[in-house]
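Student: Got a sequence here, can you model it:
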Amino acid sequence: MPKIITPYKESLLSKKEQVAQMFDTISENYDGLNRIISFGIDVKWRKKVLQIVTQSNPKTILDIATGTGDLAILMAKTNAEKIIGLDISPGMLEVGIKKIANKNLANKIEMIIGDSEKMPFEDNTFDAITVAFGVRNFENLEKGLTEILRVLKPNGVFVILETSNPTKFPFKQGYVFYTKNILPLIGRIFSKDDVAYGYLSESASVFPFGEALNNILRKIGFINVVDRPQTFGVATIYSASKK
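Tutor: Below you'll find the predicted structure:
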């Protein structure tokens, strides 16, 4: 299992509480910083997730670690009748609710606060489940993935978009330099919270990716597991389904 990264040193809070606190702190600047940090490429990655989900023609979609709702809002382009965004950060959800209202999607998208490792849903509830840049923040990865499998319907699709580490020269070296030096600097300048962006960088560097995460998904019970590296391997889209 990946080690737990502590964003705020010497804290007695659990990882979940620390992550919620951290994202509350940066919620107002999160969307803009995402565009800056990824040079806007994260928008393209989310559109690829949309393409995968759309192929299954889901009626119900759950977006876990929805944050400010970027992916949940994008899922409104499917024929889904109901989309739920789940997150542990009230601050992020507040921003997302405003965005949804501005796009007149409140009748289709519901944002709720909740724990991805103990979700308030019945078994076999959703046709599709997505997580964008959120699984590495799970306190217990296998517990979170098991819970996702539980609420996913048989034959449902599960799609993860997550950072990963390039393995080929010179992208590997450039990525390491960028995430360890530039990313925290951007956080310090634009959000006044270099600790949070230092955490995001470090958590990405130690999180399992590629075949390592594929094997964890298979161990949990997912089938048809596929990974699709994006942009020289700085991110990966994973898709899987349930028997």
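Student: Helices of this structure, residue ranges please.
Tutor: Under the criterion DSSP state H, the chain contains helices at 15-26, 30-37, 41-54, 70-74, 90-102, 141-151, 171-177, 183-190, 194-206, 211-220.
Student: Quick one, which of the ones you listed gets closest to Thr163.
Tutor: Closest approach to Thr163 among these is made by helix 194-206 (4.1 Å; Cβ to Cβ). (Each C-beta comes from the backbone N, C-alpha and C, glycine too.)
Student: just to revisit the earlier point, need the helices of the chain in CSV with mean neighbour count, mean pLDDT and distance to Phe158, can you?
Tutor: Shown next, in CSV, are the helices of the chain (neighbours: other Cβ atoms under 10 Å; pLDDT from 0 to 100; distance: least, Cβ to Cβ, whole Å):
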stretch, mean neighbour count, mean pLDDT, distance to Phe158
helix 15-26, 19, 80, 21
helix 30-37, 16, 74, 22
helix 41-54, 17, 96, 10
helix 70-74, 24, 98, 13
helix 90-102, 18, 96, 21
helix 141-151, 19, 98, 6
helix 171-177, 14, 85, 26
helix 183-190, 16, 71, 28
helix 194-206, 20, 67, 20
helix 211-220, 16, 98, 8
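Student: Which one, of these, ends up nearest to Gln230?
Tutor: Checked against Cβ to Cβ, the stretch from these lying closest is helix 41-54, at 5.4 Å.
Student: Mind listing residues that contact the closest one?
Tutor: Contacts with helix 41-54, where a contact means Cβ atoms under 8 Å, 6 or more residues apart in numbering, come from 34-35, 61, 70-71, 74-75, 77-78, 128, 130, 132, 157, 159, 161, 228, 230-231, 235, 237, 239.
Student: just the buried members of those residues?
Tutor: The neighbour count (16 or more other Cβ atoms under 10 Å) marks 34, 61, 70-71, 74-75, 78, 128, 130, 132, 157, 159, 161, 230-231, 235, 237, 239 as buried among those.
Student: who's in contact with Leu213?
Tutor: With contact set as Cβ under 8 Å, 6+ apart, Leu213 has these partners: Ile160, Glu162, Phe207, Asp227, Thr236, Tyr238.
Student: among these, which ones are buried?
Tutor: Neighbour-count burial (16+ other Cβ under 10 Å) is assigned, among the contacts of Leu213, to Ile160, Glu162, Phe207, Asp227, Thr236, Tyr238.
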